[in-house]
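# just coords:
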Ligand code: DLL
């Protein structure tokens, strides 16, 4: 059984619990994490200065860069022998960012995803197909543990091999599907082409890890004959399970017994009034291995202060509206332009100029990922073979650095439009396309 009653805890009790857990997290982090202690000392703060939840706003922020600077384990608050799992996601320098979990952290993670599944009506009678990737990405394992905790029957499919995904759904009687919304959209389309919608037993879909629109929700719901719900999370804070919609489909409840969400102005760094749009910042309240305090997610978002008709007392967040940094999410994978630049320089040296452009689009519900790279005048040649050979080398190196495929086009010198201001490296044509 999961601890679902906590979702309905009166706000005053919830806030008391948050304060107690915040004080404990700050104390542990101060004692064990050198980076946090230094920042607190610089501000002249001690853990005992946290007397009220309002004091959170005085604490120092933490950043993705910290995970790179302290790669791989330097931000852990427990010795490695207490860490039973690590996950990782891409960083901007090609170095992955690494996060760790103790046994208690894994139990907490399973508790939050189990509560989310329960809030969507999932029970031990359900068959849950997890088609998020398993591995260093948090999606697969995160949903898997929650579904098992609910007592449902779990199909650990991971992503890929769409015909087999659909056949499995049919044969094993899957009632719940978990994956990225773009993959759900693709599966819905394939189901349509195969004419097998009436053989599916699906009722509920839980989709996240990338932005998606209401329009896309309707298409998926129609194509698969389900109710589709949004789930949000990030590796640094936990993975999936930070927040999720309930059956009202009107914002994602942040699991506030485990996390505090703030919205700040990314420029002034001030906390914004309730309901304003700004950068989402998270503090973990129960994580042992890798506690985060005031972590700058770079996601632009809004918290919804009004109570939800479902009766859950935990605050909701709206769908993230974009990011304050240049991170792209391509087929569910986080990619920074600087990672691409690093590969281009390493593989091509002076065969190319520093001018390149990334073009993202959506065709048949799938992200397309093209990179145009300008050849240098000295390499410029009409020898198609040597051009194709260099293109192939770039594609292979990108695949091993990013984990996804791109199409690379070497283009003529001086053919990419120069910018008079900041270079516009990314042309994202996906907006509003499903
Ligand atoms: O995407 C964790 C996850 C797995 C969430 C499965 C939901 C389901 P990362 O790879 O670290 O972790 O990417 C985190 O993805 O900062 C957002 O920019 C974006 N993101 C995640 N969920 C959503 C969502 C996982 N529901 C980054 N809507 C975050 C919009 C999302 N963006």
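Arrived safely. Remember, it's a predicted structure, so these values are computed and weren't measured experimentally.

# can you list contacts of the strand or helix carrying residue 168?
Per DSSP states H and E: residue 168 is located in helix 162-171. Identification of contacts with helix 162-171 by C-beta atoms under 8 Å, 6 or more residues apart in numbering yields 129, 131, 155, 157, 174, 177, 186-187, 190-191, 194, 196, 199-202. For every residue, glycine as well, the C-beta is placed using N, CA and C.

# in that helix, what counts as buried?
For helix 162-171, a neighbour-count test (16 or more other C-beta atoms under 10 Å) marks 162, 165, 166, 168, 169, 170 as buried.

# circling back: which of the contacts of helix 162-171 fall in helices?
Members of the contacts of helix 162-171 lying in helices (criterion: DSSP state H): 186, 187, 190, 191, 194.

# quick one: which of the buried residues of helix 162-171 is nearest residue 223?
residue 166 (11.7 Å; C-beta to C-beta).

# Get me the contact residues on the stretch 1-150 of the chain for the ligand.
Contacts of the stretch 1-150 of the chain with the ligand, taken as C-beta under 6 Å from any ligand atom, map to 89, 132, 138, 139.

# Just read off the phi/psi values of the last one.
Spelled out, that is residue 139. The phi and psi values for residue 139, taken as degrees, to the nearest 10, are phi -60, psi -50.

# rewinding a little: using PyMOL, define a selection of the buried residues within the ones in helices among the contacts of helix 162-171.
What follows is the PyMOL syntax for the buried subset of the ones in helices among the contacts of helix 162-171, where burial is set by 16+ other C-beta under 10 Å:
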select buried, resi 186+187+190+191
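
# With distance to residue 412 and pLDDT as extra columns, can I get the ones in helices among the contacts of helix 162-171 in a markdown table?
Shown next, in a markdown table, are these (distance: C-beta to C-beta, whole Å; pLDDT from 0 to 100):
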| residue | distance to residue 412 | pLDDT |
| --- | --- | --- |
| 186 | 35 | 87 |
| 187 | 40 | 93 |
| 190 | 39 | 92 |
| 191 | 43 | 96 |
| 194 | 44 | 96 |
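
# next helix or strand past the lengthiest strand in the chain?
Longest strand in the chain, counting residues (DSSP state E): strand 352-363. Following strand 352-363 in sequence order, the next helix or strand is strand 366-375 (DSSP H and E).

# average pLDDT for whichever helix or strand comes after that following strand?
On the C-terminal side of strand 366-375, the nearest following helix or strand under DSSP H and E is helix 384-402. The average pLDDT within helix 384-402 is 92.

# Could you list the buried residues of the helix or strand that helix 384-402 is followed by?
Tracing the chain past helix 384-402, the next element assigned as helix or strand by DSSP H and E is strand 407-411. By 16+ other C-beta under 10 Å, the buried positions in strand 407-411 come out as 408, 410.

# Contacts for strand 407-411, please.
352, 368-375, 387, 390-391, 394-395, 398.

# Run the angle between that strand and strand 366-375 for me.
If you take axes from the mean of the first three to the mean of the last three C-alpha atoms, to 10 degrees, strand 407-411 sits at 30 degrees to strand 366-375.

# neighbouring strands for strand 407-411, and are they parallel or not?
In the sheet, strand 407-411 lines up against strand 366-375 (parallel) (DSSP bridges).

# I'd like the mean pLDDT over the partner strand, please.
94.

# now do stretch 56-74
When pLDDT is averaged along stretch 56-74, the result is 96.

# what distance separates the start and the end of that stretch?
23 Å (C-alpha to C-alpha, to the nearest Å).

# Which of the residues in that stretch are classified as buried?
Buried residues in stretch 56-74, defined by neighbour count with 16+ other C-beta under 10 Å: 56, 59, 60, 62, 64, 66, 67, 68, 70, 71, 72, 73.

# tell me which residues in the helix of greatest length in the chain are buried?
In the chain, with assignment by DSSP H, the single longest helix is helix 11-32. Neighbour-count burial for helix 11-32, counted by 16+ other C-beta under 10 Å, picks out 14, 17-19, 21-23, 25-26, 28-30, 32.

# which two in these are spaced the farthest apart?
14 and 32 (26.5 Å).

# From the contact counts, what lies against the lowest-mean-pLDDT helix or strand in the chain?
In the chain, no helix or strand scores lower on mean pLDDT, DSSP states H and E than strand 322-323, which sits at a mean of 85. Contact analysis of strand 322-323 by 3 or more C-beta pairs under 8 Å, 6 or more residues apart in numbering; DSSP states H and E lists strand 295-304 as its packing neighbours.

# sorry, back to before: what lies in contact with the longest helix of the chain?
The contact list for helix 11-32 (C-beta under 8 Å, 6+ apart) reads 9, 36-37, 40, 46-47, 50, 52-53, 56, 59, 76-78, 256-257, 260, 283-288, 291, 293, 313-314.

# Let me see the contact set for the nearest residue to residue 97 once chain neighbours are set aside.
Among residues not flanking residue 97 along the chain, residue 67 sits closest, at 3.9 Å (C-beta to C-beta, 6 or more residues apart in numbering). Applying C-beta under 8 Å, 6+ apart, we find residue 67 in contact with 75, 91, 97, 98, 99, 236.

# With adjacent residues omitted, what lies nearest to residue 186?
Per C-beta to C-beta, 6+ apart, closest to residue 186 is residue 365, 4.9 Å.

# Out of the buried residues of stretch 56-74, the closest to the ligand would be?
Closest to the ligand out of those is residue 64 (9.5 Å), distances taken as C-beta to the nearest ligand atom.
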